[in-house]
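Visitor: Could you look at this predicted model? Sequence included:
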Amino acid sequence: MTREEPVDVVVIGGGHAGIEACLAAARMGCSTVLVTMKAAGIGRMPCNPAIGGQGKGHLVREVDALGGQMALTTDATAVQFKFLNVRKGLAARSSRSQVDRHLYQRHMGAVLREQPGLTVVQGEAREFLVEHLTLVGVSLADGSVIRCRSAIVTAGTFLRGRLHTGTHARAGGGNGAPAAEGLSGSLSRLGHQLGRLKTGTVPRLDGRTIDWSRLAPQEGDHPGGRFSFHGPSSSLPQIRCAVTATNERTHEVIREGLRHSPLYGEEACIDGVGPRYCPSIEDKVVRFPEKGVHRVFLEPEGLATREVYPNGFSTSLPVQIQVDAVQTMRGLERAAIVRPGYAIEYDFADPRDLDATLQSRHLSGLWLAGQINGTTGYEEAAAQGLHAGINAARFVRSEEPFVLRRDQAYIGVLVDDLTSKGTSEPYRMFTSRAEFRLLLREDNADLRLTPIGRALGLVDDSRWARFEARRESVEQAVRWADSTQVVPSPSLARWLELVGEKPVVRARTVAEMLRRPGLALRGLADAAQLSLPVLDDSDREQVVIQCRYRGYIRRQQIEVERVRALADLKIPGEFVFHGIPGLRFELVEKLHRTRPRTLDEASRIQGMTPAALALVAARVRGGLAPRENRS
């Protein structure tokens with residue numbers, strides 16, 4: 001049925017990007033409709049039942065700090081928590097939670113049902129309705145129309161999705177859901193450049209058929225750990241994962257089966273580019289023939305299911321070959337496959353057709369977020385969904401666009417990478433992508449971003465009160481550490497010797513003592529007989545970090561200020577790049593296509609050199625736009 005009264009925001013797709021987009025818009029006071037092909041599938045986890053990981057954990061904490069939902073639902077449904085990259089230091093340390101995928105989906109569905117201002121509609125969006133170059137609505141496959149002031153497409157892998165298992169191919173968006181066939185054409189007609197990407201999933205195993213006694217266990221290493229800065233940690237029982245590995249017999253089975261592979265076989269039919277950092281087991285065997293072993297992590301999918309996810313064994317080989325290959329691995333000799341793995345090809349839209357808010361450059365009021373922009377992963381999708389949802393709401397309210405800088409958040413890095421450089425393969429977040437990662441740690445995401453979330457209207461009063469209490473507690477404790485003296489004493493000397501540190505010969509402040517990497521704040525306070533301020537574990541860690549790394553942090557802040565002094569140079573919206581002497585035609589075309597708003601945005605256009613940037617800067621500073629000259 002056609003809705004005559006326009007809503008503020010329509011979100012298309014109920015995956016992780018769509019969830020954050022519609023919640024952000026609704027929480028900011030916009031009337032919001034979520035259109036999803038299967039209402040029961042909202043929040044489904046089609047791949048591994050885990051949230052976080054290297055670089056990804058930073059995104060989850062940032063989404064939480066801004067007022068998003070992913071971290072809260074993860075903590076409510078977590079069955080194992082781990083810190084990754086601990087030895088690489090705080091800047092690279094990332095969190096990862098194994099969750100019960102069924103509880104996660106139910107929890108997310110309940111959150112959306114209870115959100116005021118949000119309506120869920122089951123259906124397939126087919127076409128954007130445009131009047132006078134303005135988006136005015138979305139039409140559905142059943143002929144109904146939802147009139148709207150803005151729309152966000154978060155279609156994931158559903159756009160003309162095609163599933164492959166061996167030589168058998170069928171239309172579908174994954175997990176038994178149908179593909180979305182109409183929206184690709186609508187985007188293309190608007191001017192968006194579309195391409196094809198590929199991802200895949202693993203065969204699910206029956207945990208009762210796995211010989212767990214023969215496998216090395218993988219325990220969680222931080223009981224009670226959590227993603228959210230203000231929610232409770234999980235109260236669910238914690239599970240044990242395990243690890244096995246492929247061997248030469250596994251690889252032999254895979255090589256023998258390659259002729260039936262949709263990737264390498266005689267009837268190879270997959271054209272889409274797959275993820276570089278999460279290749280299929282076929283890719284691993286073909287591309288790395290010198291490696292005789294590939295580890296496979298066995299991850300139970302929940303507390304009330306027997307299904308196990310063999311992480312690292314994504315495949316699109318025929319079902320029988322999947323069975324034969326799985327059963328060559330230790331502990332899996334009698335393993336039964338509940339659901340076979342498959343590859344999925346789908347359309348994605350070149351993210352360079354979007355501006356820094358993820359709004360289409362071809363149609364005002366239209367945003368794209370998630371895997372449709374060429375990314376891979378729940379976390380990257382959620383971050384984009386939140387970013388797009390905020391901006392759609394601000395657009396409807398005639399407010400200034402919301403953009404995070406690269407030195408403010410990994411979300412800023414993600415969006416800037418996509419919209420300025422684009423991607424030719426599924427984009428995955430890593431800590432190495434951020435130039436200022438010492439400033440963008442997981443532990444300080446709330447201190448960086450919660451005030452911004454509050455200003456946006458996404459952080460409610462109770463959460464803000466808890467944040468202010470934490471911030472004040474940490475600041476007071478840092479001041480205490482700067483002003484409190486540690487005096488040499490026999491008890492201090494004994495403790496320092498016990499922890500392998502040299503004794504002190506003169507009084508030092510607590511902050512100076514904490515520069516020693518082996519010292520813990522509580523142990524130091526006890527040994528020096530000091531009255532330690534009341535702090536919880538995370539606050540105490542934050543005090544140690546701020547004291548220990550103060551010099552490094554300040555050095556990086558100075559570098560940020562130096563770069564921003566040049567990068568903040570504004571480029572007028574009407575600026576014409578044609579005619580700048582010495583600027584290559586290829587760069588001129590890219591500059592006109594991306595329309596960077598600042599020199600900073602221009603600097604990250606693919607192929608931009610320091611010399612070319614200097615030419616643009618000189619012309620912008622001179623206040624002269626060159627005449628249009630394409631001859």
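Guide: Right, received. Where do you want to start? Because the structure is a prediction, the values reported are computed rather than measured.
Visitor: Could you use CA atoms for every contact and neighbour count after this?
Guide: OK.
Visitor: wait, doesn't Met608 sit right on Val588?
Guide: No - applying C-alpha atoms under 8 Å, one finds Met608 not in contact with Val588, separated by 10.1 Å.
Visitor: what's the distance between the nearest residue to Arg339 once chain neighbours are set aside and Gly41?
Guide: The shortest distance from Arg339 to any non-neighbouring residue, by C-alpha to C-alpha, 6 or more residues apart in numbering, is to Arg204 (5.1 Å). Remark: distance between Arg204 and Gly41 (C-alpha to C-alpha, to the nearest Å) = 18 Å.
Visitor: ditto for Leu190
Guide: 29 Å.
Visitor: Show me which of these two is the more surrounded one.
Guide: Gly41 (17 against 14; other C-alpha atoms under 10 Å).
Visitor: sec struct for Ile605, please.
Guide: Under DSSP: H, G, I helix; E, B strand; the rest coil, Ile605 falls in the coil class.
Visitor: who's sitting farthest from the centroid in this structure?
Guide: Distance to the chain centre peaks in the chain at Pro490, reaching 50.1 Å (criterion: C-alpha atoms, centre = their mean).
Visitor: If you count neighbours, what's buried in the helix or strand of the chain with the lowest mean pLDDT?
Guide: When the helices and strands of the chain are scored by mean pLDDT, DSSP states H and E, helix 610-621 comes last with a mean of 79. For helix 610-621, burial by neighbour count (16 or more other C-alpha atoms under 10 Å) applies to 612-613, 616-617, 619-620.
Visitor: what do you get for stretch 197-208?
Guide: Buried residues in stretch 197-208, defined by neighbour count with 16+ other C-alpha under 10 Å: 197-207.
Visitor: what ranges do the helices span in the stretch 501-631 of the chain?
Guide: With DSSP state H, counting those that start in this stretch as the definition, the stretch 501-631 of the chain shows helices at residue ranges 510-513, 521-527, 537-548, 550-567, 585-594, 599-603, 610-621.
Visitor: so where's the protein uncertain?
Guide: Scanning the chain for pLDDT under 70 picks out 1-4, 266-268, 610, 623-631.
Visitor: If we use 80, what do you get?
Guide: Flagging of the chain using pLDDT under 80 yields the residue ranges 1-4, 173-177, 222-223, 265-277, 562-568, 600, 603-604, 606-614, 621-631.
Visitor: Could you point out the longest helix of it?
Guide: Across the chain, the longest stretch assigned as helix under DSSP state H is helix 461-483.
Visitor: Quick check: the closest residue to Ser489 other than its chain neighbours vs Lys502, distance?
Guide: Nearest non-adjacent residue to Ser489, counting by C-alpha to C-alpha, 6+ apart: Ala528, 7.3 Å away. Counting by C-alpha to C-alpha, the separation of Ala528 from Lys502 is 15 Å.
Visitor: Between those two, which has more neighbouring residues?
Guide: Neighbours per residue, other C-alpha under 10 Å: of Ala528 and Lys502, the larger number sits with Ala528, 20 against 11.
Visitor: count of residues packed around Gly412?
Guide: Counted with other C-alpha under 10 Å, Gly412 comes out at 19.
Visitor: Relative to Arg562, how far out is Arg306?
Guide: Here the criterion is C-alpha to C-alpha. By it, Arg306 lies 55 Å from Arg562.
Visitor: who's more crowded, those two?
Guide: Arg306 (15 against 11).
Visitor: I'd say the more buried one and Arg208 touch.
Guide: Yes - counting by C-alpha under 8 Å, Arg306 does reach Arg208; the two are 6.7 Å apart.
Visitor: what's the burial count for the closest residue to Asp568 other than its chain neighbours?
Guide: Spatially, and ignoring its direct neighbours in sequence, Asp568 is nearest to Thr598 (5.8 Å; C-alpha to C-alpha, 6+ apart). The tally of other residues near Thr598 (other C-alpha under 10 Å) stands at 17.
Visitor: Across the sheet, point out what pairs with Thr598.
Guide: Lys570 (DSSP bridges).
Visitor: That one contacts Ala565, doesn't it?
Guide: No - using C-alpha under 8 Å as the test, Thr598 is too far from Ala565 to be in contact (11.3 Å).
Visitor: Now the longest helix of the chain: buried residues?
Guide: Under 16+ other C-alpha under 10 Å, the buried positions of helix 461-483 are 463-464, 467, 470-471, 473-475, 477-478, 480-481.
Visitor: try stretch 164-182
Guide: Applying a neighbour-count criterion of 16+ other C-alpha under 10 Å, one finds 164-167, 169, 171-174, 178-182 buried in stretch 164-182.
Visitor: same deal with stretch 395-402?
Guide: For stretch 395-402, by 16+ other C-alpha under 10 Å, it's 395-396, 402.
Visitor: Same check on stretch 117-127?
Guide: Judged by neighbour count (16+ other C-alpha under 10 Å), stretch 117-127 contains these buried residues: 117-120, 123-127.
Visitor: With stretch 84-98 instead?
Guide: For stretch 84-98, by 16+ other C-alpha under 10 Å, it's 84, 90-98.
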